[in-house]
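> The following block contains a protein sequence and its predicted model.
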Amino acid sequence: MREWNRLGLNKAERMERGAALAQGKVVPPARIGELLAQVIESGDRVCIEGNNQKQADFLASALAGLDPAVVNDLHIVQSVLALPSHLDVFETGVASRLDFSFSGQQSARLARLLSAGQLRIGAIHTYLELFGRYFTDLTPRVSLVCAAAADAQGNLYTGGNTEDTPVIVEATAFRRGIVIAQVNEIVDHVPRVDIPGDWVDFVVQSPRPHYIEPLFTRDPAQISEIQVLMAMMAIKGIYAEYGVKRLNHGIGFDTAAIELLLPTYAESLGLRGKIATHWALNPHPALIPAIEAGFVESVHSFGSELGMEEYIRARPDVFFTGPDGSMRSNRALSQTAGLYACDMFIGSTLQIDLQGNSSTATLGRVSGFGGAPNMGSDARGRRHGTETWLRAGREAGTGTMPRGRKLVVQMVETFREHMAPAFVEKLDAWELAETAGLDLPPVMIYGDDVTHILTEEGIANLLLCQNEQEREQAIRGVAGYTPVGLARDKAMVENLRDRGVIRRPADLGVDPRDATRDLLAARSMKDLVHASGGLYDPPARFRSW
Amino acid sequence: MSSWSEATARQRIAGLLDAGSFIEFLPPERRAVSPHLRELGQPAAFDDGVAVGRGTLDGQTVLIAAQEGAFMGGAVGEVHGAKITGLLERARTERPAAVLLLLESGGVRLHEANAGLIAVSEIMRAVLALRAAGVPVIVLNGGRYGVFGGMGITTCLCDTLIMSEEARLGLSGPEVIETTMGVEEFDAADRALVWRVTGGKNRTILGEATLVADSIDAFRAALVAAMQPKPLTLETLEAEHATLGNRLDRFGDMEDAVDIWAAMGIDNPQRLPLLDTDAFLQAVKGAGA
Amino acid sequence: MERLEFEFAGGKPVAARNKPVLAGVLGSGNLEVLVEPADLKGRVRVEVETAARGFGPIWQAVLTDVFERWKLGNIRISINDAGATPAVVALRLDQALQEYAGGDA
């Protein structure tokens, strides 16, 4: 007769081997390596909780310390490779296969290991894709997760940086996998239960609190006047034009400038309450002045941001907080909101080609995607209408069946620092795909999803382009003095401008000489602290006091 | 309110002096540029990074120099230094109500080596000569690069220092200390520590500076109140040496400015960095180095 | 470092009484622009010293557009550049020429 509970029986064997090393669920930190060696089997799929911000760093280095003669050929399935230890497992031979979303600071080393043949990559995913695969063909056998606190029963408190924990634990626990959590402290009572204890098999107190990267903090002092200009153009030419209320902003100084212009420039245009009211966004410190000015009704977050804890706690009408007062983030749900419930994504990129495809890939780095492609894509499964979405759909005007469109805006200066052009004939992503042996060039946002390209020279509305040729000239027409821009067909670009496909600052009523840093609601980190009423407490590296 | 730290050197001068009163000596169109930078293949600023001239403040004549921190961190090259020295020497004959030094500088411009070193020492000598002649020399330090190296020493030679919290004053810069003495001695990446130690608040608590908010108006208001010379005699020098010796005895072993503030009896010293200027001045009233 | 020179046909000569104007600072990613009166028979001369080599054609294109907007003559423009992008160059020139020309523009 067929055995229908092989997963459960196998888990029982592992738990029996591991139980001797724990008191109940609690494992002494010194024995974590032994525990991992007992409960992980060669060939397992293992998820190390590597988030955008919070890192299960103690468990990651314990895993990297295993003897490859005992445990090897692991298949790592994790969203973000942020720490050196996340790659050490491939160098030592403990792991050999990888499916992931984003590698950030480890991207150059990942490329080297890849070309040295020390690992094979299944695929580079967006967040939602990878999470989806946790529930289909990439379910972790063992997950090493991260929480702020646990009690003896294994109930976890993940607090502001809940991030990926619920999705990882759910996929693992309900398929008879093993969940091990590192926690900053073991307490009698957790402030709230983010993960129920019976989904968690072991907890270990890490010697140091887990690492958190302040990834979304942008010092207003570094915002340039060109970025102020582009923010003015965005507010007037897109936010006000389409009445964009529900949105996501990418990371970066370009969008931070928009956040800081809401209480000043947007207010002067009478836009409070009419734009930017509902956000899928991490708690950006740069959003504080807009929140205080009454622009923002709600913010749901993928993760938290260091230093924002007390501010969030004091603004429960805006942020999603628990009965204990601290925020609960959730990457999977906020990504879903960004994909289906937002009318606009606006973000920056490194390269845009003549079809409007954009990429942050550079040679020698396998950096992946994160969440931008989920939010920066038209959700073809969407069915509910809003003014913004319907207007964009009308402008796209495809076929007889009425449909809406998400606004997907790429905002770039035509030249990056060191005069690297942002507009190119061919993305570096092509060459990277070839050298790294990827299935596809790593394109962050596909051209057919992009609706607007905004540079200091103007806004190109790609929805209004009637054919490929117009689209190309619309892109060239805002590409400034880059080789791509200089090769424009001037007559055609002027024609596109007459039709409102391209709009220059002057067409929008924006004078570049008005674009000064004086327009920013905060010009320094200290201004942000003051705007928060002293509640925001920036990390030391961002302070000048 | 116009920010001092955001302003350029020329904007600071324009905001500080009576409107339209500034007359620049060696203006940019005279092209008194560094002869060294061109040889090194670097663009050379038309004013070599410092504007000097004469103007009025509340009707009183002052001579003024303003370093541009954005150009090579305000570093002092041969021409740059000569412009400041020339201004100070001119003040001995013109006898203005004060000489205002709007400093923002990492010190000697290393590209110019000995010429830069000599230039800084000439500035120091000219400051002391001018003070001996009874003309007050007032430093305004509010730029984001701070004042370090030879210009840090120069600052300590002047009558009065007006400083914002965002500004810093020191001899060796934080990175230099970390490089030569190790990160255990001073972690230059810990910006909060750097500002606690070198920033305007600590300099004020130690009795070296008058603290003002980061606005040109605030600097101007403090300046108007500070336009008289401080006596420079053997007695005052000995008294200052005694104060500094005493300070070294009391605080020399301490690791962090917060320890010094606690030792001075300031309540809850950890909160000081977060207080705005007025609340801070209230909190440290009566504390003494 | 590279030294570049350009000349433009110019337009309405600006009176020699106008005072020289300096805009911008020579900081990283920035530039300083000095505008002075000069007897150039109505033409405009631009001299650029730049830290970034090999961008002559881009300077030509940026300056051509600037003097499409500013039909001025008898001016000498001197630029020290520390790697400013064309957007910053154009903005700085607009600021300098606005201040220089004043009511004459």
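Nice, thanks for sending it over.

> pull the helix or strand with minimum mean pLDDT from chain C.
The helix or strand of chain C with the poorest confidence is strand C:12-13; it has a mean of 76 (mean pLDDT, DSSP states H and E).

> List the contacts of that one.
C:42, C:71-74, C:104 (CB atoms under 8 Å, 6 or more residues apart in numbering or on different chains). To be clear about C-beta, it is placed using only N, CA and C from the backbone, and glycine gets the same treatment.

> same thing but 10 Å
Contact partners of strand C:12-13, identified using CB atoms under 10 Å, 6 or more residues apart in numbering or on different chains, comprise C:37, C:39-44, C:70-75, C:101, C:104-105.

> which residue packs closest to whichever residue of chain B sits closest to chain C, ignoring adjacent ones?
For chain B and chain C, the shortest gap (CB to the nearest CB) falls at residue B:70, measuring 3.1 Å. Using CB to CB, 6 or more residues apart in numbering or on different chains and skipping the chain neighbours, the partner closest in space to residue B:70 is residue C:27 (3.1 Å).

> tally of neighbours for the closest residue to chain B within chain C?
Nearest residue of chain C to chain B (CB to the nearest CB) works out as residue C:27 at 3.1 Å. Neighbour count for residue C:27, taken as other CB atoms under 10 Å in any protein chain shown: 20.

> May I ask you to confirm that residue A:333 belongs to a strand?
No - using DSSP: H, G, I helix; E, B strand; the rest coil, the assignment for residue A:333 is helix, not a strand.

> Pretty sure residue A:167 is one of the things it touches, is it not?
Yes - Residue A:333 is in contact with residue A:167 according to CB atoms under 10 Å; the separation is 8.8 Å.

> Compare the two (neighbour count), which wins?
Between residue A:333 and residue A:167, residue A:167 has the larger neighbour count (other CB under 10 Å), namely 24 against 18.

> other SSEs contacting the helix or strand encompassing residue A:34?
Per DSSP states H and E: residue A:34 is located in helix A:32-39. Contacts defined by 3 or more CB pairs under 10 Å, 6 or more residues apart in numbering or on different chains; DSSP states H and E place helix A:32-39 against helix A:6-19, strand A:26-27, helix A:57-64, strand A:142-150, strand A:178-186, strand A:202-205.

> Give me the residues contacting stretch A:504-516.
With contact meaning CB under 10 Å, 6+ apart, stretch A:504-516 is reached by A:224-238, A:240-241, A:257, A:261, A:265, A:269, A:456-459, A:477-478, A:497-498, A:500, A:503, B:6, C:87, C:90-91, C:94-95, C:98.

> Quick one: distance of it to the chain centre.
31 Å (CA atoms, centre = their mean, to the nearest Å).

> Can you get me the start-to-end distance on that stretch?
Taking CA to CA, to the nearest Å, stretch A:504-516 runs 18 Å from one end to the other.

> still on that earlier bit, my guess is the residue nearest to residue B:70 contacts residue B:9, does it?
No - if you go by CB under 10 Å, residue C:27 and residue B:9 don't touch, sitting 11.2 Å apart.

> so which of the helices and strands packed on helix A:32-39 comes closest to chain B?
helix A:57-64 (19.1 Å).

> So, low pLDDT: which residues of the stretch 1-150 of chain A?
For the stretch 1-150 of chain A, no stretch has pLDDT under 70.

> Please disregard the earlier target; I meant chain C.
C:15-17, C:103-105.

> Any residues of it in contact with chain A? List them.
For chain C, the residues found near chain A under the criterion CB under 10 Å from any CB of the partner chain are C:28-30, C:52, C:54-55, C:57-62, C:65, C:83-92, C:94-95, C:98.

> Mind giving me the ChimeraX select for those residues, buried ones only?
Selecting only the buried entries of these in ChimeraX, with 16 or more other CB atoms under 10 Å in any protein chain shown as the criterion:
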select /C:29,30,52,55,58,59,61,62,83,84,85,86,87,88,89,90,91,92,94,95
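
> among the residues of chain C next to chain A, which are in helices?
Residues of these located in helices (DSSP state H): C:57-62, C:65, C:86-92, C:94-95, C:98.

> Secondary structure class of residue A:247, three-state.
Residue A:247 ends up strand, using three-state DSSP.

> Next one: it from chain C, what distance?
Here residue A:247 is placed at a distance of 25 Å from chain C (CB to the nearest CB, to the nearest Å).

> Can you get me the start-to-end distance on stretch B:268-283?
End to end - CA to CA - stretch B:268-283 spans 10 Å.

> can you count the residues close to residue 78?
Since no chain was named, I'll use chain A. Other residues near residue A:78 come to 26 when the count uses other CB under 10 Å.

> not quite, I wanted chain C
Residue C:78: 20 neighbours (other CB under 10 Å).

> Identify the neighbouring strands of the strand or helix carrying it in the sheet and state each direction.
Assessed by DSSP H and E, residue C:78 sits inside strand C:75-81. If you go by DSSP bridges, strand C:75-81 pairs up with strand C:31-37 (antiparallel), strand C:44-50 (parallel).

> Could you list the buried residues of it?
So, applying 16+ other CB under 10 Å, buried residues of strand C:75-81: C:75-81.

> swap in stretch C:9-26?
In stretch C:9-26, counting by 16+ other CB under 10 Å, buried: C:10-11, C:13-14, C:18, C:20-26.

> Can you get me the start-to-end distance on stretch B:27-38?
End to end - CA to CA - stretch B:27-38 spans 19 Å.
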